[in-house]
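Enquirer: Below is the structure, and that's it, no one-letter string:
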C-alpha cells in the first residue's frame, strides 16, 4: 500500500511483455503501454502480490547483505587465483587481499547481527528462520533482506518468487522434465547452501532427500526439492508468527 492508501503491485516486465504480446499488440507507445498495463491489472489483480513500502531498517539490511555477498564472491575468486598455476610470485599480495576481505566480511556480519537484534520485527523473523534446521545466520538474513514478502504468500507464490517452482516440459527431448527458472537468483543461491545443510541436519528433509535419491532422482533434482520445501516451510512459519502477533494485538 502507498501513503495514499492505494493498493500497488510492482509488475514483472517480462510477464507484462508476454501478456501484451498474447493480445497481438506489437506497437509500443506510452498510450499503448498504459492501456495494456491497465488491462493486465484488471485481469490479474486478484492473484498479484501487493507491493509494500520498504522499511528503512530492512533497506539497510538489504544493502549490508548484498555487500556481504559481493565480498564472499570476491573471496572465492581470490582463493581460486591463489591456487592457480604460476601464482607463486603474487601469493603474498593475494593473501593480504584475502585477509582484508575476511576482516571486512566478519565486520559486516557483526553489523547485520546488530541491526537484526535492534529491530524487533526483523529479529522475530530471524528467530523463526533460525529455528528451521539448515537455515543459518547468513541465509536467514538473506531471506529477510531480499525476500520480504515471505509470510504473506501462499506456497506456490513463495516457491515461484524464489525461482523454485517446477515448470513441466513435455515437448521435444525433455520427456516431461520439470525445471525451475526465474525468481530471485541471490535468494536461490542462499537457499541452495541451506538445502545442502538441511539434507544432512534436518531429520524430515534428510528423509525426503534420501527417499528421492532412492527413487532414482539425480542429486541436484532432489536438492532442488529440498530448496523448495525450505522456502515453503519458512513462508508458513513466518505467516503463522504474524497471525499470532495480530491476534495478540
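Expert: All right, it came through fine. Every value quoted in this text rests on a predicted model; they were computed, and no experiment measured them.
Enquirer: Tell me who's in contact with the residue nearest the centre of the chain.
Expert: In the chain, the C-alpha closest to the average C-alpha coordinate belongs to residue 187, at a distance of 2.3 Å (CA atoms, centre = their mean). Residue 187 makes contact with 142, 143, 146, 147, 161, 162, 163 under the criterion CB atoms under 8 Å, 6 or more residues apart in numbering. Where C-beta positions appear, they are placed from N, C-alpha and C, glycine not excepted.
Enquirer: again, but for residue 20
Expert: Neighbours of residue 20 in contact, by CB under 8 Å, 6+ apart: 33, 36, 40.
Enquirer: again, 10 Å this time
Expert: 26, 27, 28, 32, 33, 35, 36, 37, 39, 40 (CB atoms under 10 Å, 6 or more residues apart in numbering).
Enquirer: Secondary structure element holding it?
Expert: helix 13-22 (DSSP states H and E).
Enquirer: So what's the model's average confidence on that helix?
Expert: Helix 13-22 shows a mean pLDDT of 88.
Enquirer: Quick check: buried residues in it?
Expert: Across helix 13-22, burial judged by 16 or more other CB atoms under 10 Å covers 16, 19, 20.
Enquirer: now the first one: how far from residue 187?
Expert: In this structure, residue 16 lies at 22 Å from residue 187, with CB to CB, to the nearest Å as the measure.
Enquirer: any idea which helix or strand comes after the helix or strand of the chain with the lowest mean pLDDT?
Expert: Least confident helix or strand of the chain, by mean pLDDT, DSSP states H and E, is strand 178-180 with a mean of 62. Proceeding N to C from strand 178-180, the next assigned helix or strand is helix 185-201, under DSSP H and E.
Enquirer: Tell me which other helices or strands the helix or strand following that following helix touches.
Expert: Counting by DSSP H and E, the next helix or strand C-terminal to helix 185-201 is helix 203-214. Packing partners of helix 203-214 (3 or more CB pairs under 10 Å, 6 or more residues apart in numbering; DSSP states H and E): helix 185-201, helix 219-248.
Enquirer: that older thread, could you single out the nearest of the buried residues of helix 13-22 to residue 241?
Expert: Set against residue 241, the nearest of the buried residues of helix 13-22 by CB to CB is residue 16 (33.0 Å).
Enquirer: And the closest one, how far from residue 7?
Expert: Separation of residue 16 from residue 7 (CB to CB): 17 Å.
Enquirer: Relative to the centre of this protein, find the outermost residue for me.
Expert: In the chain, by CA atoms, centre = their mean, residue 89 is the one farthest from centre (40.0 Å).
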